[in-house]
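Chemist: generate coordinates for the sequence data below:
(2 chains, ligands or ions: 2)
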Amino acid sequence: MDLISGEKLEKMTSMEKIRLILDKVKNGKIVVLECGLTSDEEVRLIEMTMTEIRVDEFSGIEIESYPSKKEGSFLDKIFGRTLKGRMTVIGPANQLRTIEKDKYQISTKVSVGD
Amino acid sequence: MGFINSLKESLGSWIDRIFKKKRAKIGLYGPPNAGKTTLANRILHDWSEGESLGVASPIPHETRRAMRKEGVVIHANGSSIELDIVDTPGMATKVDFKEFMAFGLTEAESKKRAKEATEGVIEAIKWLDDLDGVLLVMDSTEDPYTQVNVVVIGNMEARKLPLLIVANKMDLPNASPARIKAAFPQHAMVQISALEGSNIDNLYQAIAAHFG
Ligand SMILES: Nc1nc2c(ncn2[C@@H]2O[C@H](COP(=O)(O)OP(=O)(O)OP(=O)(O)O)[C@@H](O)[C@H]2O)c(=O)[nH]1
Ligand SMILES: [Mg+2]
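Modeler: Ligands and ions are numbered 1, 2, ... in the order given. A predicted model of the protein is given here:
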């Protein structure tokens, strides 16, 4: 699992973010973005994903985003400050099942440093 | 010719203004199998002499090319609105050909369908640039908080364009429109069964109110 901090994301252009995410996910990684993408970036990510789907190689992505209303989440502790925007988890299709919608499980996975 | 055409155009818009005929290009969006084509066909059946826009099917990604029907006039709330209806391919973040094989398609057919489905998703996304509003169709028996729904809603909000959520498949016993309402409380929602046509007049009223 790869964490990408809000600070790093802020310095990147939309295309750089999408490329980084897709490259990691195509390599089987689960990417956690500290703050989410804009709706425009999300659409472009889906579009790029579709163009890169290949039979038996890459069948797409799964995305979960978590509203970050609650303060003091595990990522705050990791990065030592408060969150802005939605935390977003992106992984290869059919591999995100285990962490889907289960905030507790995500935090354990991250703290283990997978 | 150019002069005649521009005269026709300005005359047309002048007539539109006098008679207050409202026009809107509306896209039907949503995940595969939500019932977009079933709903598009029902709207056409009710208001456009029974033609159909496309084939509905239990196999996901049945619609892989956007289909448009111009000039569908809906009467509701004592006014009328002329719609261009665009039935779009189901939007997804993944497409796996094996899913189609489970429906009995051959491997070759499934791979072809998968390729076309990815192109269809891109086409649906491109259409977002060219619409006046969206009917976001959801299967009420499924979890509404998906990336596809979030992305379509986020996009329409960013464009400040009207969006109406259609909670479809209300005829099924485990349908839960309340779950949809809870996920997206900021948007208007109408619950229908596109298959059976139940509550469809409420949808037409909401369309007139939202897109008129
Ligand atoms: N029970 C029930 N089934 C419905 C309803 N609307 C559609 N369906 C069924 O759901 C399946 C998918 O319907 P479609 O209209 O093809 O769905 P779609 O959203 O156009 O799907 P794609 O084109 O694949 O994106 C079909 O088997 C329909 O008969 C409904 O209101 N109730
Ligand atoms: Mg369809």
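
Chemist: drop to CA atoms for contacts and neighbour counts, all remaining ones
Modeler: Fine.

Chemist: from chain B, which residue is nearest to chain A?
Modeler: Chain B approaches chain A most closely through residue B:94 (4.0 Å), counting by CA to the nearest CA.

Chemist: does that residue have beta-bridge partners, and which?
Modeler: Residue B:94 has these beta-bridge partners by DSSP bridges: residue A:60.

Chemist: from residue B:147, how far off is it?
Modeler: Applying CA to CA, to the nearest Å, the value for residue B:94 to residue B:147 is 11 Å.

Chemist: likewise for residue B:87?
Modeler: 20 Å.

Chemist: and for residue B:46?
Modeler: Applying CA to CA to residue B:46 and residue B:147 gives a distance of 32 Å.

Chemist: ranges for the helices of the chain?
Modeler: Using chain A. A:6-10, A:14-26, A:39-52, A:74-79, A:103-112 (DSSP state H).

Chemist: I was thinking of chain B, sorry if that wasn't clear
Modeler: Under DSSP H, chain B gives helices at B:2-19, B:36-47, B:97-101, B:107-127, B:147-159, B:177-183, B:200-211.

Chemist: any idea which of these is most buried?
Modeler: helix B:36-47 (a mean of 22; mean count of other CA atoms under 10 Å in any protein chain shown).

Chemist: which residues are in contact with it?
Modeler: Here helix B:36-47 makes contact (CA atoms under 8 Å, 6 or more residues apart in numbering or on different chains) with B:28-30, B:50-56, B:63, B:72-74, B:85, B:87-88, B:137, B:194-195, B:197.

Chemist: if you set the cut-off to 7 Å instead, what comes out?
Modeler: For helix B:36-47, the surrounding residues in contact (CA atoms under 7 Å, 6 or more residues apart in numbering or on different chains) are B:28-29, B:50-56, B:72-74, B:87, B:137, B:194-195.

Chemist: please apply the same query to stretch B:118-134.
Modeler: With CA under 7 Å, 6+ apart, stretch B:118-134 has contacts from A:47, A:50-51, B:24-29, B:64-66, B:88-92, B:95, B:161-164, B:211.

Chemist: hmm, that stretch touching ligand 2?
Modeler: No. For stretch B:118-134, no contact with ligand 2 is found by CA under 5 Å from the ion; the gap never falls below 10.5 Å.

Chemist: low pLDDT regions in the chain?
Modeler: Answering for chain A, as no chain was given. A:66-85, A:96-114 (pLDDT under 70).

Chemist: try chain B instead
Modeler: B:1-21.

Chemist: dump the residue contacts of the residue nearest the centre of chain B.
Modeler: The centre of chain B sits closest to residue B:28, judged by CA atoms, centre = their mean, with a distance of 1.1 Å. Residues near residue B:28 by CA under 7 Å, 6+ apart: B:36, B:86-88, B:134-137.

Chemist: contacts with ligand 1 among those, please.
Modeler: residue B:36 (CA under 6 Å from any ligand atom).

Chemist: of all the contacts of residue B:28, which two lie farthest apart?
Modeler: Farthest pair in the contacts of residue B:28 (CA to CA) is B:86 and B:137. Separation: 12.7 Å.

Chemist: between those two, point out the one with more neighbours.
Modeler: Set residue B:86 next to residue B:137 and count neighbours by other CA atoms under 10 Å in any protein chain shown: residue B:137 wins out with 28 against 25.

Chemist: how close does the more buried one sit to residue B:120?
Modeler: 17 Å.

Chemist: and if you look at residue A:65?
Modeler: 24 Å.

Chemist: same deal with residue B:143?
Modeler: On the measure of CA to CA, residue B:143 and residue B:120 end up 23 Å apart.

Chemist: same question for residue A:27.
Modeler: From residue A:27 to residue B:120 the distance is 25 Å (CA to CA).

Chemist: next one: residue B:156
Modeler: 19 Å.

Chemist: in chain A, which residue sits nearest ligand 2?
Modeler: Scanning chain A for proximity to ligand 2 using CA to the ion identifies residue A:50 as nearest, at 18.1 Å.

Chemist: close to chain A: what parts of chain B are there?
Modeler: B:93-96, B:118, B:122, B:147, B:151, B:154-155 (CA under 7 Å from any CA of the partner chain).

Chemist: out of the residues you listed, flag the one nearest to residue B:112.
Modeler: Distances from residue B:112 to those, taken by CA to CA, are shortest for residue B:118, at 10.2 Å.
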